[in-house]
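> Give me coordinates for this.
(one chain, ligands or ions: 2)
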Amino acid sequence: MTELRQVRVQEQLLKVNDFLARQLKDSWTAQGSFVINLLSSPGSGKTSLLEATLPRLQAVHQVLVLEGDIETDLDARRIRGAGGQALQLTTGGTCHLEAHMLQQAWELLLKERGGPPAFDFVFIENIGNLVCPASYDLGEHLRVVLLSVPEGEDKPPKYPKAFHSADVVLITKVDVLPHFDFRVEEATRLARELNPRVEVLQLSARTGQGLDAWIDQLVSRREATLGRR
Ligand SMILES: Nc1nc2c(ncn2[C@@H]2O[C@H](COP(=O)(O)OP(=O)(O)O)[C@@H](O)[C@H]2O)c(=O)[nH]1
Ligand SMILES: [Mg+2]
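Ligands and ions are numbered 1, 2, ... in the order given. The predicted model follows:
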């Protein structure tokens, strides 16, 4: 009985989250902001990817990073150190971001700036965790799951929800491939088995390999979703 009630409460919470996520997506779409939700285990390279992406993307576009962390603002500081604009969202223990947290942050930003901020791209760095964040739609236009070479190629079937809901899987840290038994083809096959439409890209934030294809992907997906603005 108690268990059944818990399941129902969880379902209701997810419904409320989905409702808020739809509102967020509508307002981001209207404002011309293309929003990307980055999901991965801790240490897969989300902040490093952003540090490498920002200088290239910001040459042409306005970019904001919403940094999710359980504690500290270390990642937001790294983003600012790379010349980016970052807003820290600290969950104080919660293992994922939820749409209401994003809504509060966005409203605060609107108030501070006195109107809708004109960001072409908004990246959300989710809490490092391949489980809970997968269940929470944040109103993003693109969901990107990072899988780093040292984690091993078997992660898609072990964390199916994250990989099933991904639009793009980024295989990161490919510069260390010679030191691991990670097979890129096998990881790609396992990801596509769960999610045939998923795009799989390889990248190294360390050497810059694959960065051009990643940037092209972001720009073309933004245009396809929001049109040329
Ligand atoms: N060799 C290598 N190391 C990387 C790469 N990207 C990130 N790292 C390292 O992996 C660790 C975790 O990276 P970080 O960006 O903080 O991961 P996050 O926790 O997902 O944000 C750091 O020590 C990075 O220097 C990469 O492309 N190649
Ligand atoms: Mg990080």
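> Now Glu125. Its backbone dihedrals?
phi -90, psi 110 (degrees, to the nearest 10).
> Check it and give its pLDDT.
Per-residue confidence at Glu125 stands at 98 (pLDDT).
> so is the closest residue to ligand 2 within the chain in a helix, a strand, or just coil?
Going by C-beta to the ion, ligand 2 is nearest to Thr47 of the chain, at 3.4 Å. The C-beta positions use only the backbone N, C-alpha and C, and glycine is treated the same way. With DSSP: H, G, I helix; E, B strand; the rest coil as the basis, Thr47 sits in helix.
> And the one 5 residues further on, by the same measure?
In terms of secondary structure, Ala52 is helix; the call rests on three-state DSSP.
> who's in contact with it?
Counting by C-beta atoms under 8 Å, 6 or more residues apart in numbering, Ala52 touches 205, 208, 211.
> re the thing from before, any idea how far the residue of the chain closest to ligand 2 lies from Arg77?
According to C-beta to C-beta, to the nearest Å, Thr47 stands 10 Å off from Arg77.
> Over to Leu211?
Leu211 sits 22 Å away from Arg77, going by C-beta to C-beta.
> So between the two, which is more surrounded?
Leu211 (17 against 13; other C-beta atoms under 10 Å).
> for that one, what are its contacts?
Going by C-beta under 8 Å, 6+ apart, Leu211 touches 52-53, 56, 203, 205.
> Would you list the phi and psi of the residue nearest the centre of the chain?
By C-alpha atoms, centre = their mean, the mean C-alpha position of the chain lies nearest to Leu38, the distance being 1.4 Å. With angles defined as degrees, to the nearest 10, Leu38 sits at phi -100, psi 120.
> hang on, isn't it packed against Leu142?
No - if you go by C-beta atoms under 8 Å, Leu38 and Leu142 don't touch, sitting 9.5 Å apart.
> can you list the residues that contact stretch 145-153?
38-41, 43-46, 49, 130, 155-156, 162-163, 166, 168-174, 176-177, 180, 182-184, 186-187, 190-191.
> quick one: is it near ligand 2?
No - using C-beta under 5 Å from the ion, we find that stretch 145-153 stays clear of ligand 2, coming within 10.2 Å at best.
> from the chain's centre, how far out does the biggest helix by length in the chain sit?
Criterion DSSP state H: the longest helix present in the chain is helix 2-31. Between the centre of helix 2-31 and the centre of its chain there are 18 Å (C-alpha atoms, centre = their mean, to the nearest Å).
> for stretch 166-183, same thing?
Its chain's C-alpha centre and that of stretch 166-183 lie 17 Å apart, by C-alpha atoms, centre = their mean.
> Same question for that stretch: list its buried residues.
For stretch 166-183, a neighbour-count test (16 or more other C-beta atoms under 10 Å) marks 166-174, 182 as buried.
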